[in-house]
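fold the following and give me the result.
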Amino acid sequence: MALTVTRRTLLYAATAALVPAMERADPPKQILIIRHAEKTGLKDDIHLNTRGYERAEALARLFPVKFDIPKFLFATRQTVKSDRPVETLTPLAKALGLKIDARFDVDEYAALANAVLSGAPYSGKTVLVCWHHGRIPALAAALGVKDPPSPWPDRQFDRVWQIRYVDGAAAFADLPQRLLAGDS
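Sure thing, here's the model as predicted:
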C-alpha cells in the first residue's frame with residue numbers, strides 16, 4: 001500500500017505539533033496576518049507596485065484605531081523572487097521604531113508559529129505577520145485556527161486576519177483594512 005502525503009496532511013501534522021506549545025505558554029494577545037501589498041505582476045519583479053507602496057505607507061493608520069499597536073513584526077525572508085513582505089512592513093517598522101524579523105522562509109510558517117506561540121517575549125502582545133498569500137491559510141492553521149479560509153484570493157491585498165486566544169483556543173476574524181480607495 002502506497003503512502004500518500006498531501007499538503008493538508010502536512011498542514012495538520014504541523015498544527016498538531018503546536019498544541020503542546022500552546023498549552024505550555026501564554027499566547028500573544030493577538031496575531032494579525034496580512035498579505036504583502038500589491039505587486040507589479042511583471043515577471044521577475046520582486047517589488048511592490050505604486051499602489052502597494054501606498055498601502056505600505058498607509059498601514060500605520062490601522063494602529064491604534066482598529067487594532068492594538070504591534071510590538072513585533074514578522075515578514076517572510078527576502079528572496080530573489082520577492083522582497084514584498086519586507087517592503088510592505090518597512091514604513092510601519094520605521095513609524096513604530098521596530099525591527100522586522102525576516103528570518104523565516106515562506107514555507108517555514110510552522111517554525112514561525114512555534115516561535116510566536118512559545119511564550120515570552122510574545123505573551124500578551126500584539127504580533128503582526130506579513131506573508132505570501134499562498135501560505136497564509138497554512139500559517140493560520142499552524143497558529144491554531146480551525147479550517148481557515150482557503151485559498152486566499154489572488155487579487156486580495158486589503159484584509160487582516162485576526163487571531164485571538166480565548167481559553168487556549170484560537171478565535172479567528174477576517175477583517176477589512178479599508179486603507180485605500182476601492183478596498184473592501
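
next structured bit after the helix or strand of the chain at the bottom of the mean pLDDT ranking?
Scoring the helices and strands of the chain by mean pLDDT, DSSP states H and E places helix 7-24 at the bottom, with a mean of 43. For helix 7-24, the following helix or strand on the C-terminal side (DSSP states H and E) is strand 30-35.

averaged pLDDT, the helix or strand following that next one. What do you get?
Once strand 30-35 ends, the next helix or strand along the chain (criterion: DSSP H and E) is helix 50-58. Model confidence over helix 50-58 averages 98 on the pLDDT scale.

which elements pack onto helix 50-58?
For helix 50-58, the elements it packs on are helix 84-96, judged by 3 or more CB pairs under 8 Å, 6 or more residues apart in numbering; DSSP states H and E. C-betas here are computed from N, CA, C, even on glycine.

any buried residues in the helix it packs on, and which?
Neighbour counts using 16 or more other CB atoms under 10 Å place Arg84, Pro85, Val86, Glu87, Thr88, Leu89, Thr90, Pro91, Leu92, Ala93, Leu96 of helix 84-96 among the buried residues.

can you check stretch 122-129 too?
Neighbour counts over stretch 122-129 (16+ other CB under 10 Å) mark Tyr122, Lys125, Thr126, Val127, Leu128, Val129 as buried.

pLDDT score assigned to the last one?
Right, Val129. You'll see Val129 listed with a pLDDT of 98.

can you tell me the element it falls in?
Here Val129, judged by DSSP H and E, is contained in strand 126-131.

so for the helix or strand following that strand, mean pLDDT?
Sequence-wise, the next helix or strand downstream of strand 126-131 (DSSP H and E) is helix 136-142. Averaged over helix 136-142, pLDDT sits at 98.

so which elements touch helix 136-142?
Judged by 3+ CB pairs under 8 Å, 6+ apart, the packing partners of helix 136-142 are helix 7-24, strand 30-35, helix 109-116, strand 159-166.
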